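S.K.: give me coordinates for this.
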Amino acid sequence: MEREWENGQTLPNVQEAEIDARKFEQYSLNPENFSNQGKWMAFVAIGYDVDSPQGRQVAAEDIIEQLRAKLPNLPATQEEPSIYGLRFEVQVTIRGFNGQEGNLITKWQIDRGKTRPRLISNWLKVPQSRERKNES
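M.R.: Numbering: from 1, shown residues only. Down below sits the predicted model:
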């Protein structure tokens, strides 16, 4: 990183952040992807349709739009670096299609030798009562 960075500042080079829609469409929003450990249920709780590829695409577009709009104004926390690069977490409040909100936890990495952060993982936290209502 070119400048001295401290926890609580925005993600380094936030304007260049890479967000691959597949991280949402094919992973966290996809109920058929068993390796996501049920992450999709929280997105359903705030009104996103995850039952079809088209629904997941529309949901991902909305989530990414909110993420891009809010990311430049949110504090980041640096985590332990990995062998692949520097890692950060940013939490973002998003509003789903039913008007309910959730706390989107995003994990970012700046690969060794690079300067651009890229989204490597995400999951949504919503109050337990909302998740349970959608499971029944």
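
S.K.: quick check, pLDDT for Asn134.
M.R.: At Asn134, the pLDDT value in this model is 47.

S.K.: what's the longest helix along the chain in contact with?
M.R.: Taking DSSP state H as the criterion, the chain has its longest helix at helix 53-70. Contact partners of helix 53-70, identified using C-beta atoms under 8 Å, 6 or more residues apart in numbering, comprise 17, 19, 21, 24-26, 29-30, 43, 48-50, 92-95, 97, 104, 106. Where you see a C-beta, it was placed from the backbone N, CA and C, and this is true even at glycine.

S.K.: whichever of those end up buried, select them in PyMOL.
M.R.: Selection of buried members from the contacts of helix 53-70 for PyMOL, criterion 16 or more other C-beta atoms under 10 Å:
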select buried, resi 17+19+24+25+26+29+30+43+48+50+92+94+104+106
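
S.K.: the chain: helices as residue ranges?
M.R.: Per DSSP H, the chain carries helices over the ranges 22, 40-45, 53-70, 128-135.

S.K.: who wins for proximity to Ser121 among those?
M.R.: Proximity to Ser121 (C-beta to C-beta) singles out helix 22 among these, at 12.3 Å.
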